[in-house]
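# What follows is a protein structure lacking sequence information:
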């Protein structure tokens, strides 16, 4: 069980006002959550009633309204590549409740929290968002934009940070450059297309035929159906390639780059069980010996970048693309759809509270 520990937090309920009548019911100390006791397929996920989480001095407790799913959450569930277990737990997950992306309302704050108070609507990254309540560090949250629903806000943090940092930091994207985004219809890809446009690039998105309309609708200047067009046939070369799909061979990617272009590889879905970074390692090893810059990305959970994403949303330059939504108990089904590549944009879990 998630037995609460740590400093006391400000309660989400108030004591009786002395006006008579029956005393208020004590606040419920348990919650519904998706839990996993070990690594594996979606079969390791189950719904359970567990204790509400405690919060640390610099954390807040969020009443979760929605949670987003991303590839990172799948890798943490599966424990693959095995390298992730050095962080998540060698034999079993350190966090009983999976889930990173979160949106909801603050109901309690630790004694060192200065940025938020009970009642604030927030989004960002939590420790276990597939639950009715989730703890989160105050420096991994920002206020929810008023023009977003909780479901939309829950889709932003993990994928938006990856897209922003892949383009701006790893890719050093400059205004007017030609950018190729492979995997443009997915969770990260839909953010990357819009962010690249906001940064002044000419954008070509690569996706399946069924999703070309979606990619065009979010601002891509050109869209390639990967089943019909060879992106490395030499007819077009790009200043920057952001590869989010995880299986295009490195020589083909280099043929699509300009002679001094930059390749950023994000993720490694077909890179083996141990490191998941086969192509990234080969690219980084080759980069010093060629004119092209070949690199990868380790996304960081920076509050300043979350704030920038919120600013782009407020300015109308960035809108989360939501595919399907699922109730909390169907989180395993959502994870299966994510793994099977059926997602258009982000998949979102909605949380309806039972008490």
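On my side now, so go ahead. Because the structure is predicted, anything quoted here is derived from the model rather than measured.

# count of neighbours near the nearest residue to residue 144 once chain neighbours are set aside?
Computed as CB to CB, 6 or more residues apart in numbering, the closest residue to residue 144 that is not its neighbour in sequence is residue 121, at 4.3 Å. Heads up, the C-betas are built off the backbone N, CA and C, glycines and all. For residue 121, the count of nearby residues is 18 (other CB atoms under 10 Å).

# Go ahead and flag the most central residue of the chain.
Closest to where the C-alpha atoms of the chain average out (CA atoms, centre = their mean) is residue 158, at 2.5 Å.

# picking that back up, which residues sit in contact with the residue nearest to residue 144?
Taking CB atoms under 8 Å, 6 or more residues apart in numbering, we find residue 121 in contact with 103, 104, 105, 106, 143, 144, 150.

# same question, residue 144
Counting by CB under 8 Å, 6+ apart, residue 144 makes contact with 103, 121, 122, 123, 150, 153.

# Just give the closest residue to residue 237, not the sequence neighbours.
Of all residues not flanking residue 237 in the chain, residue 258 sits nearest, at 4.7 Å (CB to CB, 6+ apart).

# Tell me how far that neighbour lies from residue 282.
Distance from residue 258 to residue 282, counting by CB to CB, to the nearest Å: 20 Å.

# who does the host helix or strand of residue 181 pair up with?
With secondary structure defined by DSSP states H and E, residue 181 is part of strand 178-182. Sheet pairing here is set by DSSP bridges, and for strand 178-182 it gives strand 202-207 (parallel), strand 238-243 (parallel).

# which residues sit against the first one?
Read it as strand 202-207. 176-185, 189, 193, 196-197, 214-216, 219-226, 231, 236, 238, 245.

# Of those residues, which belong to helices?
Counted as lying in helices by DSSP state H, out of the contacts of strand 202-207, are 189, 193, 196, 197, 214, 215, 216.

# Which members of those are the farthest-apart pair?
The widest separation within the ones in helices among the contacts of strand 202-207, taken as CB to CB, falls between 196 and 214 and amounts to 15.8 Å.

# and those two? which has more neighbours close in?
In this view residue 196 and residue 214 are compared by other CB under 10 Å, and residue 196 has more residues nearby, 31 against 21.

# my guess is the more buried one meets residue 173, correct?
Yes - the pair residue 196 / residue 173 is scored as a contact, 6.6 Å apart, by CB atoms under 8 Å.

# The strand ranked longest in the chain pairs with which strands?
Looking only at the chain and at elements set by DSSP state E, the strand with the highest residue count is strand 59-69. Strand pairing for strand 59-69, determined by DSSP bridges: strand 101-109 (antiparallel), strand 133-137 (antiparallel), strand 346-350 (antiparallel).

# so the closest residue to residue 148 other than its chain neighbours, which of the three states?
Here the nearest residue to residue 148 in space, its sequence neighbours aside, is residue 313; by CB to CB, 6+ apart that works out to 6.3 Å. Assigned by DSSP: H, G, I helix; E, B strand; the rest coil, the conformation of residue 313 is helix.

# Now for residue 313, how many residues are close by?
When neighbours are counted by other CB under 10 Å, residue 313 comes out with 23.

# right, and it touches residue 307 too?
No - using CB under 8 Å as the test, residue 313 is too far from residue 307 to be in contact (10.6 Å).

# Fine by me, thanks again.
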